[in-house]
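Engineer: Give me coordinates for this.
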Amino acid sequence: MSVDALHSLDAPIVPDFLLSDDVDKRAARERLARLRSTLVDHDVGAAVFFDAINIRYACGVRNMQINTTRNPGRYVFVPVEGPVVLFEYSGCAHLSEGFDTVDELRRARGLHPFYGGDHYRRHLDEFVDDMRGLMKQCGLEGQRLGIERSPVEAVPALTSAGFDVVDASPIIDRAKSIKQPTELELIRASVAGTEAAVAWMESQILPGRTENQVWAELSRALIAGGGEYLETRLFNSGENTNPWFREASNKVIAAGELVALDTDAIGCHGYYTDLSRTFLAGDQAATPRQRELYSMAYDQLQTNIELIEVGKSFRDYANQAWTIPDEFVAHRYLGPVHGNGMAAEYPIVLQADVHDDAGIDGVFEENMTVCVESFLGSDRGGEGVKLEDQVLITADGVERLTSYPFDDRLLDPNPA
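Structural biologist: Okay, here's the model as predicted:
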């Protein structure tokens, strides 16, 4: 490898968008206070969280986030009053240093056979004893205990021991849905970093490259800018864009094809930046059909963003949302809006005709951050267009957090 090539490898792809550790830790304190007040609102004395993202929300401590989402090797006890106890993966005590959101650190019990082996039921008994002791220590005996995403046998063990167990998932979902002041600083950093990574990736969309080769550039730039990982592989081209949800592949991108992206990026400080854009590969003009699809998707996106306001019910929003033409209904998104924070979150607002089956009878609230989705792909075949923006709901309307430009070649019906 030449010296010039080595130098180019060292050159920064994008700037570093990380804020200082003090900002991260201030956000952790604000989140913990929000979570505790939400536990009070739901008449729950304490909760135990196993999901890696929820552990991080509750106390700020990150540890092998993807791995421990799949393998429940750590958990955190959060009471409405009293010590927050992080039960950490073996050998990882140092990761919580400097976080005043953790009052006590203990080694996690091997509650899952993967960690406890043939002895995991003994570990389950010890876990029940731990919870009994902590509830007593916090003066919460007899109060409800929230449990979220635990190993299968943990809840039966607790109920057999006399605990009044409730599902803590909807509780923390509601806590996370209202963003705290410092969270918004971290979210803006994540959006800026992710958009810079997308810009780098867009510059690499060259006919003759495969989807995987270009998609890898997004991951490369995201991490270089302080982001963490991509949750999905939603990047595709040409006929792979319709229906949606095909993953990046070794298909070669051809000149004149549409190329669609959904970032699903865990960016700076663990905050999720979710934006979608559709690009045109190569230098030629778009076809009339491509411009038609893109303009309709753009109209859907803008219309549905403008409908959002504090106090509007999810049901009313669904009823007022942009009407999808018949040929696009089969391949539509079932939910035009979803919450956004450290991951895709509450609320998920469904299309009107499926609201009664799985919808939420809630309302948009101030300081929610949500993503508005648009996908148009005909059931007759051909390419599809994916667009999505992230917004903050304020008392005066919405603040658009996403600023990534749209493709004028596709949006303008009469390109030069």
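Engineer: What are the boundaries of the strands in the stretch 101-250 of the chain?
Structural biologist: 104-107, 145-148, 165-167, 229-230, 235-237 (DSSP state E, counting those that start in this stretch).
Engineer: Next, the buried residues of the third one.
Structural biologist: This means strand 165-167. 165-166 (16 or more other C-beta atoms under 10 Å). For the C-beta atoms, the positions are set from N, CA and C on the backbone; glycine is no exception.
Engineer: pull the longest helix from the protein.
Structural biologist: In the chain, assigned by DSSP state H, the helix with the most residues is helix 181-203.
Engineer: Name the residues of that helix that come out as buried.
Structural biologist: Within helix 181-203, the residues scored as buried using 16+ other C-beta under 10 Å are 182-198, 200-202.
Engineer: rewinding a little: between the strands of the stretch 101-250 of the chain, which one is nearest to residue 249?
Structural biologist: Among those, strand 235-237 comes nearest to residue 249, with 7.1 Å by C-beta to C-beta.
Engineer: Adjacent strands (with direction) for the closest one?
Structural biologist: Here strand 235-237 is paired, per DSSP bridges, with strand 258-262 (antiparallel).
Engineer: Name the spans of the stretch 251-400 of the chain whose pLDDT lies under the cut-off.
Structural biologist: Within the stretch 251-400 of the chain, no stretch has pLDDT under 70.
Engineer: ranges for the helices of it?
Structural biologist: According to DSSP state H, counting those that start in this stretch, the stretch 251-400 of the chain carries its helices in the segments 288-306, 314-320, 326-329, 355-358.
Engineer: likewise the stretch 1-150 of the chain?
Structural biologist: Secondary structure of the stretch 1-150 of the chain (DSSP H, counting those that start in this stretch): helices located at 3-10, 21-41, 52-59, 65-70, 113-116, 120-137.
Engineer: weakest of those by average pLDDT?
Structural biologist: The stretch with the lowest mean pLDDT among those is helix 3-10, at a mean of 47.
Engineer: one step back: how about TSV for the helices of the stretch 1-150 of the chain, with distance to residue 295 and mean neighbour count added?
Structural biologist: Conversion of the helices of the stretch 1-150 of the chain to TSV gives the following (distance: least, C-beta to C-beta, whole Å; neighbours: other C-beta atoms under 10 Å):
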stretch	distance to residue 295	mean neighbour count
helix 3-10	39	8
helix 21-41	39	18
helix 52-59	36	25
helix 65-70	38	14
helix 113-116	51	16
helix 120-137	56	17
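Engineer: looking at those helices, which is closest to residue 306?
Structural biologist: helix 21-41 (28.7 Å).
Engineer: Put the alpha carbons of the closest one into CSV.
Structural biologist: Only the C-alpha atoms of helix 21-41 are listed here, as CSV (Å, rounded to 0.1, in the frame of the first residue of the first chain):
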residue,chain,number,x,y,z
ASP,A,21,-19.3,13.1,29.2
ASP,A,22,-20.8,15.7,31.5
VAL,A,23,-23.7,16.2,29.1
ASP,A,24,-24.3,12.4,28.9
LYS,A,25,-24.3,12.1,32.7
ARG,A,26,-26.6,15.0,33.1
ALA,A,27,-29.0,13.4,30.7
ALA,A,28,-28.8,10.1,32.7
ARG,A,29,-29.9,12.0,35.9
GLU,A,30,-32.8,13.6,34.1
ARG,A,31,-34.0,10.3,32.7
LEU,A,32,-33.8,8.5,36.0
ALA,A,33,-35.9,11.3,37.6
ARG,A,34,-38.4,10.9,34.8
LEU,A,35,-38.5,7.2,35.1
ARG,A,36,-39.1,7.3,38.9
SER,A,37,-42.0,9.8,38.6
THR,A,38,-43.5,7.5,35.9
LEU,A,39,-43.3,4.5,38.3
VAL,A,40,-45.2,6.6,40.9
ASP,A,41,-47.8,7.5,38.3
